[in-house]
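>>> Okay, sequence plus prediction incoming.
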Amino acid sequence: MGLANSLGEYFDVESHGSDVRTEIVAGITTFLAMSYIIVVNPFILAEAITIPGYEFIEVVQMIAIATILASALATAVMALYANRPFGLAPGMGLNAFFAFSVVLGLGIPWQTALAAVFVEGVLFMALTAVGAREYVINLFPEPVKFAVGAGIGVFLLFIGFQEIGIIVADEATLVSLGNVASSPASILGTLGIVLTLLLWARGVTGSIIIGVVSTAVAGWTLTLGGVFDRGVITPETLPSAQYDITPLVGAFVDGLSGVDPLTFTFVLFTFFFVDFFDTAGTLIGVSQFGDFLDEEGELPDMDKPLMADAIGTTFGAIVGTSTVTTFIESSTGVEEGGRTGLTALVIAACFLASLVLIPVVAAVPNYASFLALVVVGIMMFQGVADVDWSNPAWAVSGALTIVVMPLAYSIADGLAAGIVSYPVMKAAMGEYDDVQLGQWVLAAVILGYYVLQTGGYIL
């Protein structure tokens with residue numbers, strides 16, 4: 001009782017209309033809802049991060065530890081500094097951009113990509129410290145802000161479908177439906193998606209992690225039962241637990257040398273943009289559940305949660321993971337009554353406790369982990385409703401943002417298409433006054449970059 005009372009007093013739980021027990025339950029609830037990131041993030045990043053002398057699954061375990069540490073630290077800062085009940089972890093979409101667009105797509109070394117994340121985190125901290133949030137927010141077109149979530153959702157869906165084998169390459173049409181019914185892994189992955197979506201529709205807390213684990217268990221049950229040989233739907237071998245992450249820690253330092261300034265700046269810009277608006281939008285959205293917003297619809301002292309995000313991103317890059325952001329799954333804990341940083345402290349503690357499960361991560365088949373991308377991608381479509389599709393400037397900018405991301409296999413390219421098209425469409429409509437000078441400058445810089453890139457002058 002002494003510890004409970006002390007925690008209650010430190011976080012001022014009573015004045016927020018809550019109690020210690022409620023905060024603890026809320027923290028556990030949020031952790032269960034977002035814990036899938038411990039499994040999914042490593043498998044995504046390990047597609048791009050290769051370390052000589054280590055097998056793929058060993059790298060997966062290293063990144064899992066980095067994921068846990070970055071999530072725990074960022075969420076602890078959210079608890080102790082911001083006193084808000086929000087959980088943070090490496091963001092979905094940002095990890096896919098890191099792996100598939102930056103490293104595998106542009107051919108940038110993963111160490112350099114981590115360097116971009118590190119610089120982004122430092123820049124984020126500086127802007128947050130001087131209160132420049134409103135200026136940055138106002139610089140980007142509204143349709144892009146609302147459409148970016150849906151665009152990332154389609155991108156995640158596309159990646160998830162490919163990894164599971166639902167969508168495959170085709171010489172004639174580029175992509176087509178795969179032979180799902182003839183592939184045991186594809187069948188299990190598809191059934192896992194269906195199960196997870198049904199659980200989500202029923203409002204089951206932790207539906208994604210339940211779907212991932214259930215699918216993995218089904219694969220191992222069929223293998224151990226003799227239906228399939230090892231290596232068909234389960235890893236052929238399982239390495240011993242890998243808790244040494246020294247090959248990852250500090251790797252970003254090597255990435256700061258020998259980089260192309262223009263390409264590095266563009267990658268940095270994209271990380272920053274998506275992280276900034278993803279975090280801001282998530283904070284506002286989750287805060288609505290807990291009645292945290294003021295009369296103007298703003299979150300008081302919002303700079304504090306943003307600082308937690310920035311610190312988590314910077315630390316995450318140091319230990320070897322992609323951008324950290326606030327998770328929308330925090331709403332589950334808020335709905336359970338979480339109102340203070342004590343909820344976040346419990347989330348952080350749960351992340352640290354999950355370090356004992358690192359050996360289990362290696363046993364999760366790819367198709368089980370990547371089903372989370374499909375489910376999260378579907379969930380991210382909600383922002384489409386906020387786009388004014390009757391307005392030509394909004395429709396063109398929003399549609400290009402959403403469609404170009406999966407087609408170009410790059411979040412950055414989708415953002416660029418939306419940002420460049422908005423002022424052009426506004427000008428065509430005669431609404432010059434609605435476009436800020438900064439928006440024209442930003443569009444011109446991005447357009448110039450793509451002229452150089454597609455012309456073969458830079459990466």
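Perfect, I can see it now.

>>> Only C-alpha atoms from now on, for both contacts and neighbour counts.
Noted.

>>> shouldn't A76 be in contact with L345?
Yes. Counting by C-alpha atoms under 8 Å, A76 touches L345, with 5.5 Å between them.

>>> Would you state the strands of this protein in chain order?
Ranges of strands within the chain are 88-90, 167-170, 174-177, 324-326, based on DSSP state E.

>>> And G203, how close does it get to A132?
38 Å (C-alpha to C-alpha, to the nearest Å).

>>> actually Q382, sorry about that
Noted for Q382: a distance of 28 Å to A132, by C-alpha to C-alpha.

>>> T279 now?
Distance, T279 to A132, by C-alpha to C-alpha: 15 Å.

>>> What about the residue nearest to A251 when sequence neighbours are not counted, how many residues nearby?
Sequence neighbours aside, Q111 is the residue nearest to A251 in space, at 5.6 Å (criterion: C-alpha to C-alpha, 6 or more residues apart in numbering). Per other C-alpha atoms under 10 Å, the neighbour tally for Q111 reads 22.

>>> Return the residues in contact with Q111.
A251, F252, V253, D254, G255, L256 (C-alpha atoms under 8 Å, 6 or more residues apart in numbering).

>>> Low-confidence stretches in the stretch 1-150 of the chain?
1, 133-138 (pLDDT under 70).

>>> Can you show me the helices along it?
Along the stretch 1-150 of the chain, the stretches classed as helices by DSSP state H, counting those that start in this stretch are 2-10, 20-34, 37-45, 56-77, 94-96, 110-129, 133-139, 142-164.

>>> contacting residues around V39?
By C-alpha under 8 Å, 6+ apart, the residues touching V39 are A64, V361, V364, S369.

>>> and the lengthiest helix in the chain, which residues are buried?
What stands out as the longest helix in the chain, according to DSSP state H, is helix 261-289. Of all the residues in helix 261-289, those buried under the rule 16 or more other C-alpha atoms under 10 Å are 263-264, 266-284, 286-289.

>>> Stretch 188-196 now?
If you call a residue buried by 16+ other C-alpha under 10 Å, then stretch 188-196 has these buried ones: L188, G189, T190, L191, G192, I193, L195, T196.

>>> got the contact list for stretch 377-386?
Contacts for stretch 377-386 (C-alpha under 8 Å, 6+ apart): F146, A147, G149, A150, G151, I152, G153, V154, F155, L156, L157.

>>> Would you convert the residues you listed into a markdown table that also reports distance to A169 and neighbour count?
Putting the contacts of stretch 377-386 into a markdown table (distance: C-alpha to C-alpha, whole Å; neighbours: other C-alpha atoms under 10 Å) gives the following:
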| residue | distance to A169 | neighbour count |
| --- | --- | --- |
| F146 | 31 | 24 |
| A147 | 27 | 31 |
| G149 | 26 | 25 |
| A150 | 23 | 25 |
| G151 | 21 | 31 |
| I152 | 21 | 31 |
| G153 | 20 | 27 |
| V154 | 17 | 26 |
| F155 | 16 | 29 |
| L156 | 17 | 29 |
| L157 | 15 | 22 |
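
>>> Quick one: those residues as TSV, columns for distance to T173 too.
Conversion of those to TSV gives the following (distance: C-alpha to C-alpha, whole Å):
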residue	distance to T173
F146	30
A147	27
G149	27
A150	24
G151	22
I152	23
G153	22
V154	19
F155	18
L156	20
L157	19
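
>>> out of those, which one sits closest to I167?
Of all these, L157 has the smallest distance to I167: 10.1 Å, by C-alpha to C-alpha.
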